[in-house]
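Trainee: model this:
(chains A and B)
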Protein chains: 2
Amino acid sequence: MTRVFFDVGMSLDGFVAGPNGGPKNPLGDGGTTIHQWMFKQRAFLQLLKLGDGGDADNPDNDLIEETFNRTGAYIMGRRMFDEGEPNWPEDAPFRSPVFVVTHQRRDPWERKGGTTFFFTSATIQDTLQKATQAARNKDVRISGGADIIQQYLNAGLVDEFTIHVAPLMLRNGVRLFKRLGEGTINIEGVGAMHSPLVVHLKYRVVK
Amino acid sequence: MTRVFFDVGMSLDGFVAGPNGGPKNPLGDGGTTIHQWMFKQRAFLQLLKLGDGGDADNPDNDLIEETFNRTGAYIMGRRMFDEGEPNWPEDAPFRSPVFVVTHQRRDPWERKGGTTFFFTSATIQDTLQKATQAARNKDVRISGGADIIQQYLNAGLVDEFTIHVAPLMLRNGVRLFKRLGEGTINIEGVGAMHSPLVVHLKYRVVK
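Mentor: Numbers count the residues shown, from 1 in each chain, chains lettered A, B, ... in the order given. As a prediction, this is how the structure comes out:
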C-alpha cells in the first residue's frame, strides 16, 4: 500500500527555510544550515553528486537511504522546483517521477538518472492520484515546500511524516506549520532518534 | 554553580499556550492538551494537589521530579502569574521563592509549603541576580511565559533548556520562539528522549 509522507528539516524555532529564498538563494538566508547534518552523510552527498565523502556508517545516513528507497514518486510546489532547477545536478536527486504543482504549462522535463518532472495544474487530490500510480506500490513523498505540505496536511492526505529538528534558531523565514486549517489534525508520536547533529521526530496521522 | 534554565511544553507546531488565555482560561484554548503527558505522572499530580494517582515508575515522571528538585528559585512573567494566581492550590507548586516581573507594586505573598512570590520591576539582569542568591546553589528556572523566556534567551542569560514536544497541532496561540532577537543564539543538542506521550528535547546554549 502506498503511503503518503513528508520528510523535512526544520530549525528548532520552526522554519524550513530562511527569508529571501529564490533560484539564486536556495533555501533562503541561512536555510542550508538546517541541513548541516545531511551534508555529513555519504548517501546525501552521492545523491547530490558532491563526491564520495561523508560518513556511511551511522543511523543518520541510514535514514537518508531508507527515505530515498521507499519513495516512488514526488510532489513538489512550484517555488521549490524554481529554486532547485538551476541548482540540482544534471541527474537530479530524485530518480523517479516528480509532479510539480504549478499553473505554468510546460512539457515533461526528463533528466539523466531516472528523474522526470511533470508539470500539473490539477487539484492536489488529482495530483496525488497520478503520483500514486506512478509510484508503483512505493510511497509518495510530498517534497515541499511548506505551503504544499500544509495543503496536503489540511486535506487529510498525509499518512506519516518525519521532521529533522536542527539545533539552531533561524529567527525568521518560512514556517513549516504556518497555515494549518481549522480541521483537527490528530497525530501520534512514532519515535524520536537523535545524533549530535539533529533530532529525528516521526509521526503518524491518525485518521 | 547555579545554572539558568527553562523547561516548557510545546505543541509540535510551536505553541506553549492556546489563544484567549487569562485567569479564567489558563493556558488558553486547548493549551492544557500540551501538558497531557504531565497529568499522567504522579510527581505532577502530587505537586498540584490533585491526588496520588498517576504513574510514578517511568522516565517522564522522573524528569518532573528532577526538574523540581534542581530548582531553587523561579522567575515568572506577570501574565503567567495572573493566570496561575486563582488556579494554583493554596500551597503553590513551587516551594521556593518566585520572582514575578511586573510593574505592579505588591508586597511579597507567602503561601503554604514554602512558596513566596516576590514582585519586582527590576531589569531581567537584576531579577536574575536576586533569584540566583535566593536559589542557594540550586538552579534558577525561567518559568515562562514565552515572552520572558525570549527576553532571557535574547540577553544570553539562559544556560540550558528542555522542550517537551507534545504530539499535537494547536494551530494558533502563543509561540515559544516568536521574538528572538537579531543576536545569534548558538545551541547544541544534549539529548532527546521519548515516550508514547511526548518527546523531551534537551539543549545547551553555547556561549
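
Trainee: going forward, measure contacts between C-alpha atoms and count neighbours the same way
Mentor: OK.

Trainee: what does chain A have sitting close to chain B?
Mentor: Residues of chain A lying close to chain B (C-alpha under 8 Å from any C-alpha of the partner chain) are A:13-14, A:167-169, A:171, A:176-182, A:185-194, A:196-199, A:203.

Trainee: In space, what's closest to the residue nearest the centre of chain A - neighbours in sequence excluded?
Mentor: Closest to where the C-alpha atoms of chain A average out (C-alpha atoms, centre = their mean) is residue A:143, at 3.0 Å. Distance criterion C-alpha to C-alpha, 6 or more residues apart in numbering or on different chains; nearest residue to residue A:143, sequence neighbours excluded, is residue A:76 at 5.2 Å.

Trainee: Now do the helix or strand where the one you found lies, average pLDDT.
Mentor: Assigned by DSSP states H and E, residue A:76 belongs to strand A:71-77. Averaging pLDDT along strand A:71-77 gives 98.

Trainee: Give the partner strands of it in its sheet and their orientations.
Mentor: strand A:97-101 (parallel), strand A:139-144 (parallel) (DSSP bridges).

Trainee: ok, residue A:145 - contacts?
Mentor: A:16, A:76-77, A:79-80 (C-alpha atoms under 8 Å, 6 or more residues apart in numbering or on different chains).

Trainee: and if we set it to 10 Å?
Mentor: Shown in contact with residue A:145 (C-alpha atoms under 10 Å, 6 or more residues apart in numbering or on different chains): A:8, A:16-17, A:27, A:75-81, A:174-176.

Trainee: my hunch is that residue A:148 is in a strand, does that hold up?
Mentor: No. Secondary structure of residue A:148 (DSSP: H, G, I helix; E, B strand; the rest coil): helix, not part of a strand.

Trainee: my guess is it meets residue A:78, correct?
Mentor: Yes. Assessed by C-alpha atoms under 10 Å, residue A:148 is found in contact with residue A:78 at 9.2 Å.

Trainee: any common contacting residues for these two?
Mentor: residue A:101.

Trainee: Quick one: the strands in chain A, in order.
Mentor: Using DSSP state E, the strands of chain A run over residues A:4-11, A:15-17, A:71-77, A:97-101, A:109-110, A:116-120, A:139-144, A:160-166, A:174-175, A:187-194, A:199-205.

Trainee: Let me know which of the ones you listed is tucked in deepest.
Mentor: Ranked by mean neighbour count, the strands of chain A are led by strand A:15-17 with a mean of 28 (mean count of other C-alpha atoms under 10 Å in any protein chain shown).

Trainee: Run the chain-centre distance for it.
Mentor: The chain centroid and the centroid of strand A:15-17 are separated by 12 Å, computed with C-alpha atoms, centre = their mean, to the nearest Å.

Trainee: So which elements touch that strand?
Mentor: Packed against strand A:15-17 by the contact rule (3 or more C-alpha pairs under 10 Å, 6 or more residues apart in numbering or on different chains; DSSP states H and E) you find strand A:4-11, helix A:146-154, strand A:160-166, strand A:174-175.

Trainee: tell me what the third one is packed against?
Mentor: Contacting strand A:160-166 under the criterion 3+ C-alpha pairs under 10 Å, 6+ apart are the following elements: strand A:4-11, strand A:15-17, strand A:139-144, strand A:187-194, strand A:199-205, strand B:187-194.
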